[in-house]
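Asks: Please work out how this folds:
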Amino acid sequence: MALGAAGVGVLAALVALGLEWRYRKRPAHPLEIIPAVWNLEIYEPQHYRFVGQLGLSNPHRGLEVMVPNLTAEVVLLADSAVDTIQTEVYVTPRHPEPEFAPRADGYWFAYIVKSTKQTSVELRVDLRGVNVADVQAAWVKVHYVAYGPHGRFAKTHHEFIPLKFPAKGESGVWRPAEGCQVLPIRTHLLTPLDVPLEVVNRYVLPHAQAGDIVAIGETPIAIIQGRLKDPAQLTPGWVATRVCQFFLPTSSLATACGMQALVEEVGELRVLLAFLGGAIAKLFGYRGGFYQLAGEQARLIDDVTGTLPPYDQFIVMGPANPQVVVDDLAAKTGLGVAIVDVNDLGAVKVLAASAGVSPQLLTAALRKNPAGNADEQTPIVLIRPN
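Replies: The predicted structure is shown next:
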């Protein structure tokens with residue numbers, strides 16, 4: 001029986017919907033980056049060499065991803081000019097198949113990461129120069145192309161390698177505060193390579209005694225957890241581009257990318273409902289409704305410029321599971337531990353604190369922000385009650 005015009009139209013619409021559903025269900029590309037494990041092979045006054053093994057993984061069943069290009073560049077953060085430092089970056093594929101052995105000329109040949117498979121890439125960086133010892137950290141940018149059914153995607157992965165470390169026990173001086181003494185603790189530039197317990201053991205324990213409280217900034221913990229978003233890798237959607245316009249320019253949610261970071265954390269529907277609910281609440285004189293409805297992350301996001309280099313180029317989310325972090329640190333160090341959000345305006349927000357730690361004492365001790373809001377690189381404050 002022949003279909004009428006209406007039937008053909010309905011059938012065409014169903015086919016189109018089916019195609020669209022399948023398109024949206026499949027990821028743009030399933031390629032995942034496994035962060036590198038770095039080894040500092042040469043650490044001499046005029047020569048540093050560090051080598052990392054980066055993973056490329058395709059966990060999807062059914063899709064293959066081509067990587068037609070992969071390169072790397074390095075940005076140095078130092079206490080002096082870096083133009084005299086010779087920087088060399090080597091990218092060497094370490095594919096599991098013998099037939100894809102590295103080429104002698106260093107050319108990256110297009111490679112297919114097959115379904116549920118992975119491969120790896122060796123990154124080697126050499127720094128040479130009379131002032132290499134001034135380099136605090138290296139920021140390695142890995143640029144690659146993911147090529148598949150949805151198109152060609154230019155992506156960038158970021159690695160941060162600390163290269164300058166304060167001596168154990170090196171720190172500032174104890175300062176008086178309300179009901180206590182406080183000691184800002186200087187560390188190396190913290191990165192996702194770090195582990196909170198190791199940082200506390202290295203820099204805090206030489207100064208600590210029983211009864212002390214370790215107050216750690218929420219941003220450093222989030223950085224260690226890798227909760228960074230590169231704005232260049234975000235594609236603000238309809239909700240983000242519309243809702244961000246209603247926030248004050250000083251808010252981290254006043255940009256499309258800042259708002260998109262929240263959308264990707266909690267979902268478009270929650271952000272939209274929080275916006276509508278907050279707007280209604282404001283009509284009745286109640287402020288802050290959006291943040292309550294959107295969740296804790298809405299208050300904790302730091303947009304670009306919100307922290308010290310190189311993280312000033314990124315959107316930094318709030319830490320994940322802060323209570324779990326402080327409880328683990330307290331159990332393993334025997335000290336009180338808290339994760340806090342402090343600014344130069346005297347605002348102190350306690351995100352999480354271990355058992356027995358007084359929020360009132362934390363607020364009094366940190367009200368003057370002894371850790372600072374610039375590039376002091378003192379993400380931890382040791383508090384000693386009087």
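Asks: What residues of stretch 259-270 count as buried?
Replies: For stretch 259-270, a neighbour-count test (16 or more other Cβ atoms under 10 Å) marks 259, 260, 261, 262, 263, 264, 265, 266, 268, 270 as buried. C-beta: built from backbone N, CA, C; applies to glycine.
Asks: next one: stretch 325-333
Replies: 325, 326, 327, 329, 330, 333.
Asks: same deal with stretch 224-238?
Replies: 224, 225, 227, 228, 229, 230, 231, 234, 236.
Asks: Please apply the same query to stretch 112-121.
Replies: 112, 113, 118, 119, 120, 121.
Asks: Same question for stretch 211-222.
Replies: Buried, per 16+ other Cβ under 10 Å, within stretch 211-222: 212, 213, 214, 215, 216, 217, 218, 219, 220, 221, 222.
Asks: export those to TSV and tack on secondary structure, pLDDT and distance to residue 15?
Replies: Shown next, in TSV, are those (DSSP: H, G, I helix; E, B strand; the rest coil; pLDDT from 0 to 100; distance: Cβ to Cβ, whole Å):
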residue	secondary structure	pLDDT	distance to residue 15
212	coil	97	68
213	strand	97	64
214	strand	98	61
215	strand	97	60
216	strand	97	55
217	strand	95	54
218	helix	96	50
219	helix	95	49
220	helix	96	52
221	helix	98	50
222	helix	97	45
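Asks: so which of those would you say is closest to residue 320?
Replies: residue 222 (7.8 Å; Cβ to Cβ).
Asks: Just give the closest residue to the closest one, not the sequence neighbours.
Replies: In this structure, residue 222 finds its nearest non-sequential neighbour in residue 319, 4.4 Å apart by Cβ to Cβ, 6 or more residues apart in numbering.
Asks: so residue 349 touches residue 341, yeah?
Replies: Yes - between residue 349 and residue 341 a contact is recorded at 4.3 Å, counting by Cβ atoms under 8 Å.
Asks: re the thing from before, for residue 188, state which of the buried residues of stretch 112-121 is nearest.
Replies: Using Cβ to Cβ, the buried residues of stretch 112-121 come closest to residue 188 at residue 121, 25.6 Å.
Asks: quick one: the residue nearest to residue 222 is in a helix?
Replies: No - read with DSSP: H, G, I helix; E, B strand; the rest coil, residue 319 is coil and lies in no helix.
Asks: burial count for it?
Replies: By other Cβ atoms under 10 Å, 27 other residues sit near residue 319.
Asks: before we move on, what about residue 274?
Replies: Residue 274, neighbours per other Cβ under 10 Å, totals 21.
Asks: Give me the distance between the strand or helix carrying it and the centre of its chain.
Replies: Assessed by DSSP states H and E, residue 274 sits inside helix 268-283. Relative to its parent chain, helix 268-283 has a centroid offset of 27 Å by Cα atoms, centre = their mean, to the nearest Å.
Asks: One more: stretch 142-159?
Replies: 18 Å.
Asks: Also stretch 201-214?
Replies: 26 Å.
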